[in-house]
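Engineer: Provided below are the primary sequence and the corresponding predicted coordinates.
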Amino acid sequence: MEKYRITLTLEERTGLEHLVSVGKSAARKLTHARILLLADELHGEACADAQITSALGTSLRTIERLRKRFVTEGLEAALDHRPQPPRPDKIKIQGDLEQRLIELACSDPPEGRCHWTLQLLADELVVLGLVDAISTVTVWQALKKTTSSRGSSRPGVSRPMRTPSSYGAWRT
């Protein structure tokens, strides 16, 4: 793998040293700042990646990724946390399976039960052969994102009850 060389300017180095000395940032940001300071080749001796790994308790791959991000994207990108991309392939219940789950949840519960539980729904999906195995959390997440709610057009909100008006007020 190609090794990216880190050379910090004087302003970047003082900014990173100040960030580390104050210590009032996220742990990942502070660790990345320490890695950049130790890997800097322009000011002082640059440490080898193995030395940085043992000194900071990080992995070699983390240092390699950080070097690459610093060289290609800059200091701010190297310090800040990049959020995980959405993973649509991780959604296990979608499409026809989701529709069948909702139909099942809206149907009458099994005999001897007054309502469907998440475990009952998960077990029923397995019994019907729709999935091999499924977690109750996955069933919960699929049902949570639907807008169906018993007796309400808005999810999570019950309709206000009409109270009979009282006409026994004083008449003038």
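Structural biologist: Sure thing, it's come through. Numbers count the residues shown, from 1 in each chain.
Engineer: Which parts of this structure belong to which domain?
Structural biologist: If you go by automatic domain parsing, the domain ranges for the chain are 10-79, 90-144.
Engineer: Deepest-packed of these, please.
Structural biologist: Ranked by mean neighbour count, the domains of the chain are led by domain 10-79 with a mean of 15 (mean count of other Cβ atoms under 10 Å). (Each C-beta comes from the backbone N, C-alpha and C, glycine too.)
Engineer: Name the SS class of residue 85, please.
Structural biologist: coil (DSSP: H, G, I helix; E, B strand; the rest coil).
Engineer: residue contacts, it?
Structural biologist: Contacts for residue 85 (Cβ atoms under 8 Å, 6 or more residues apart in numbering) come out as none.
Engineer: what about it, distance to residue 77?
Structural biologist: Using Cβ to Cβ, to the nearest Å, residue 85 is found at 15 Å from residue 77.
Engineer: just residue 43 next, same as before
Structural biologist: Applying Cβ to Cβ, the value for residue 43 to residue 77 is 21 Å.
Engineer: And the contacts of the helix or strand encompassing residue 76?
Structural biologist: For residue 76, the host element (DSSP states H and E) is helix 75-79. Helix 75-79 has contacts (Cβ under 8 Å, 6+ apart) with 8, 12, 29, 32, 33, 36, 66, 69, 70.
Engineer: Can you name the element that comes right after that helix?
Structural biologist: helix 96-106.
Engineer: who touches that next one?
Structural biologist: For helix 96-106, contacts defined as Cβ under 8 Å, 6+ apart pick out 93, 116, 121, 124-125, 128, 130-131, 139, 142-143, 146, 148.
Engineer: got it, and stretch 114-128?
Structural biologist: 97, 100-101, 104-105, 109-110, 113, 131-136, 138-140, 143.
Engineer: any idea of the mean pLDDT for it?
Structural biologist: For stretch 114-128, mean pLDDT is 92.
Engineer: C-alpha coordinates for it, PDB please?
Structural biologist: The C-alpha coordinates for stretch 114-128 follow below in PDB (Å, rounded to 0.1, in the frame of the first residue of the first chain):
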ATOM      1  CA  CYS A 114     -55.700 -10.900  23.100                       C
ATOM      2  CA  HIS A 115     -53.200  -9.200  20.900                       C
ATOM      3  CA  TRP A 116     -50.100  -9.800  18.800                       C
ATOM      4  CA  THR A 117     -46.700  -9.500  20.500                       C
ATOM      5  CA  LEU A 118     -43.500  -8.900  18.600                       C
ATOM      6  CA  GLN A 119     -42.300 -12.400  19.400                       C
ATOM      7  CA  LEU A 120     -45.600 -13.900  18.100                       C
ATOM      8  CA  LEU A 121     -45.200 -11.900  14.900                       C
ATOM      9  CA  ALA A 122     -41.600 -13.000  14.400                       C
ATOM     10  CA  ASP A 123     -42.500 -16.700  15.100                       C
ATOM     11  CA  GLU A 124     -45.400 -16.500  12.700                       C
ATOM     12  CA  LEU A 125     -43.200 -15.100   9.900                       C
ATOM     13  CA  VAL A 126     -40.900 -18.100  10.300                       C
ATOM     14  CA  VAL A 127     -43.800 -20.500  10.500                       C
ATOM     15  CA  LEU A 128     -45.300 -19.100   7.200                       C
END
